[in-house]
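> Predicted model and sequence below, questions to follow.
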Number of protein chains: 2
Amino acid sequence: MKKLEQLHRPGTGTYVKGQERILQILEASRDILITNGYAGLSMRKIATAVGITVGNLHYYYPTKKDLIANLLDHVIVGYLQDFENVRTEAGTAPEDQFVAVIRLIIEDLNTPETTNFFPELWAMANHDETAAERMNELYHKARLDINELVGLINPGLSDDEREQVSLFISASMEGLTPFIGSGKPWRSKTPGITNIAAYSFLHLVKTIDSETIGELPLAAQAQA
Amino acid sequence: MKKLEQLHRPGTGTYVKGQERILQILEASRDILITNGYAGLSMRKIATAVGITVGNLHYYYPTKKDLIANLLDHVIVGYLQDFENVRTEAGTAPEDQFVAVIRLIIEDLNTPETTNFFPELWAMANHDETAAERMNELYHKARLDINELVGLINPGLSDDEREQVSLFISASMEGLTPFIGSGKPWRSKTPGITNIAAYSFLHLVKTIDSETIGELPLAAQAQA
DNA sequence: TTGAAAATAGATCTACCGTCCTAAATTTGA
DNA sequence: TCAAATTTAGGACGGTAGATCTATTTTCAA
């Protein structure tokens, strides 16, 4: 895991004013990305939102590419910090902790920031290698808790199998975003769907075994 | 469900040449959207790809908005046609049909078109009402098969509960796209994850009941 | 065959884009 | 205090965006 790179010029952001400016720039960029989408994110809009000139903005970020890379880092770091304290608040039994984590993640999908940011991130990752790396880094860390709990609840799985189960659970919840996210048509059904998710995932983790994961589909079995 | 609107001017596309042109435009637009993303989709790129001038392109689609609306329709109709014949190929038992549908949908996630198109659609739906409507229309129809099979396997659910279960299953599979889609890091784990999904979803549908879906989370129970 | 409708090319307009440059103003540590 | 470093404003450049207009060519049915 690489540490965050220094993306603006050496020297920039050394005065307190500069450091605050960088934060202002990142916050404004984040807001514009969330409300207008990647296509609507321009250096001029960012500069106007911050209240500076484009020239000044390019002083901090020589290219738009640099800014976006730093923006993704900034937003993602925020999410990772949120996830860090998740488990400490839950109970002691692994099953209870697991369900608590599930509920918390789904609850977060309802925030407008999450609802709008992640689809942008997924789309960006399809066309930009840097965005893809950042995204994988984020989800890898976000899965650590789930992965550990899966291991506690079901010790019979191999590392590889456990990670597949964790990925399936994590990805499944992400998939709810365009449907039960903020302002989405199924948003009011969130409680029921959350219960369905918790019930489904918990049983999956408790009962899945290596044979089921490794099973060949019927077509492949016939050929074997 | 509205029928597809006539989005280009009356008169256009009446000659055979014009009809073929429209198809060429939509295909080229689709390719560019998939490879370059929404931000990289411009009238000029489309015109160049088709081999016509921008003026000619605007003859068919007065505004870019019109073109995109028609493009979404075109791509989505293609997917709906694919989904229509899914169930006929499976066995007779509802459980077998259900698993077959699950496997087919996940298999489709691996195609580059699906992997790249849907994240763009989700992002577009967040900033464009038309795209949101098209998307909901698509997923509603795509869920019809799953929804019917869920009802056959588990007749004890109300209409509302059944639809929540179907939505959860459908959304979960969509969520796999950014992870096991074409070129994605977990792509090689698709077989195992598919087995996990089939196992998990089938048990969910067979055993879920109204009480579990309607259950209040612990925090809410304490307040009641 | 022919003429009306459709299709096309090409130029042009305005707006916005990212980037670069220079000079002035501000900050901060020595 | 004061000089060096940082921050800022403002303009300019070339490129591309969507959209519009006009003139020309092509299509196709009567």
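Thanks, I have the structure now. Residues are numbered from 1 along each chain as shown, chains lettered A, B, ... in the order given.

> What's the nearest residue in chain A when you look at chain B?
At 2.0 Å from chain B, A:Gly175 is the closest residue in chain A, using Cβ to the nearest Cβ. For the C-beta atoms, the positions are set from N, CA and C on the backbone; glycine is no exception.

> I'd say that residue and B:Met173 touch.
Yes. Using Cβ atoms under 8 Å, A:Gly175 is in contact with B:Met173, at 6.9 Å.

> Need the nearest residue in space to A:Ala125, chain neighbours excluded.
Counting by Cβ to Cβ, 6 or more residues apart in numbering or on different chains, the nearest residue to A:Ala125 once its immediate chain neighbours are dropped is A:Ala132, at 4.1 Å.

> what does the model give that neighbour for pLDDT?
pLDDT, A:Ala132: 97.

> mind giving me the domain split of chain A?
A:12-62, A:65-211 (automatic domain parsing).

> where does chain A have low pLDDT?
A:1-7, A:87-91, A:216-224 (pLDDT under 70).

> What are the boundaries of the strands in it?
Applying DSSP state E to chain A gives no strands.

> contacts for the helix ranked longest in it?
Longest among the helix segments of chain A by residue count, using DSSP state H, is helix A:129-153. With Cβ atoms under 8 Å, 6 or more residues apart in numbering or on different chains as the test, helix A:129-153 has contacts from A:1, A:65, A:68-69, A:72-73, A:76, A:79-80, A:83, A:86-87, A:94-95, A:97-98, A:101, A:121-122, A:124-126, A:157, A:162-163, A:165-167, A:169-170, A:205-206, B:178-179, B:185.

> in that helix, what counts as buried?
The neighbour-count check on helix A:129-153 (16 or more other Cβ atoms under 10 Å in any protein chain shown) flags A:131-132, A:134-139, A:142-143, A:145-151, A:153 as buried.

> Surely A:Ala198 touches A:Ala100?
No. Taking Cβ under 8 Å as the definition, A:Ala198 is not a contact partner of A:Ala100, at 9.3 Å.

> Next, count neighbours for A:Glu20.
Neighbours of A:Glu20 under the rule other Cβ atoms under 10 Å in any protein chain shown: 11.

> and what of A:Thr207?
Count around A:Thr207 with other Cβ under 10 Å applied: 12.

> Name the nearest residue to A:Ser166, sequence neighbours excluded.
A:Asn147 (4.2 Å).

> What distance do you get for that neighbour to B:Glu20?
53 Å (Cβ to Cβ, to the nearest Å).

> One more: A:Ile25?
In terms of Cβ to Cβ, A:Ile25 sits 48 Å off from B:Glu20.

> Repeat that for A:Leu72.
42 Å.

> Around DNA strand C, which positions in chain A sit nearby?
With Cβ under 7 Å from any atom of the strand as the criterion, chain A meets DNA strand C at residues A:15-17, A:41-45, A:54-55, A:58, A:62-65.

> Scan the residues you listed and report the most crowded one.
A:Leu41 (22 neighbours).

> got a list of what it touches?
A:Leu41 neighbours (Cβ under 8 Å, 6+ apart): A:Ser29, A:Ile32, A:Leu33, A:Ile68.

> List phi and psi for the residue nearest to the third one when sequence neighbours are not counted.
Translated: A:Leu33. Distances taken as Cβ to Cβ, 6+ apart place A:Leu41 nearest to A:Leu33, at 5.1 Å, with adjacent residues excluded. When read as degrees, to the nearest 10, the backbone of A:Leu41 gives phi -100, psi 110.

> quick one: A:Leu41 and DNA strand D, what's the gap?
To DNA strand D, A:Leu41 is 15 Å away according to Cβ to the nearest atom of the strand, to the nearest Å.

> now swap in A:Met43 and tell me
Counting by Cβ to the nearest atom of the strand, the gap from A:Met43 to DNA strand D is 10 Å.

> Ok, A:Met124 next?
Taking Cβ to the nearest atom of the strand as the measure, A:Met124 falls 18 Å from DNA strand D.

> count of neighbours near that residue?
22.

> list the contacts for it?
Applying Cβ under 8 Å, 6+ apart, the residues contacting A:Met124 are A:Tyr38, A:Leu72, A:Ala131, B:Gly37.

> which residues in chain A form helices?
A:16-36, A:43-50, A:54-60, A:64-84, A:94-109, A:112-125, A:129-153, A:159-175, A:177-180, A:190-207, A:210-214, A:218-223.

> in the fifth one, what's buried?
Burial within helix A:94-109, assessed by neighbour count using 16+ other Cβ under 10 Å, is assigned to A:94, A:97-106, A:108-109.

> Report the entries of those that also contact chain B.
Filtering the buried residues of helix A:94-109 for neighbours of chain B using Cβ under 8 Å from any Cβ of the partner chain leaves A:Arg103.

> Need the max-distance pair from the buried residues of helix A:94-109.
A:Pro94 and A:Leu109 (23.3 Å; Cβ to Cβ).

> Distance-wise, check the residue lying closest to A:Lys64 once chain neighbours are set aside relative to B:Leu23.
Nearest residue to A:Lys64, sequence neighbours excluded (Cβ to Cβ, 6+ apart): A:Met43, at 5.9 Å. Counting by Cβ to Cβ, the gap from A:Met43 to B:Leu23 is 38 Å.

> What of A:Ile196?
For A:Ile196 relative to B:Leu23 (Cβ to Cβ), the value is 42 Å.

> who's more crowded, those two?
Under the criterion of other Cβ under 10 Å, the comparison of A:Ile196 against B:Leu23 puts A:Ile196 first, with 23 against 13.

> Isn't that one up against B:Ile213?
Yes. A:Ile196 lies in contact with B:Ile213 (Cβ under 8 Å); the separation is 5.9 Å.

> okay, and the common contacts of the two?
Both A:Ile196 and B:Ile213 are in contact with B:Gln164, B:Val165, where contact means Cβ under 8 Å, 6+ apart.

> Now A:Glu161: closest residue in space, sequence neighbours ignored.
A:Ile213 (5.1 Å).

> what's the burial count for the residue of chain A closest to chain B?
Per other Cβ under 10 Å, the neighbour tally for A:Gly175 reads 23.

> For it, which non-adjacent residue is closest in space?
Here the residue nearest A:Gly175, using Cβ to Cβ, 6+ apart, is B:Gly175, at 2.0 Å.
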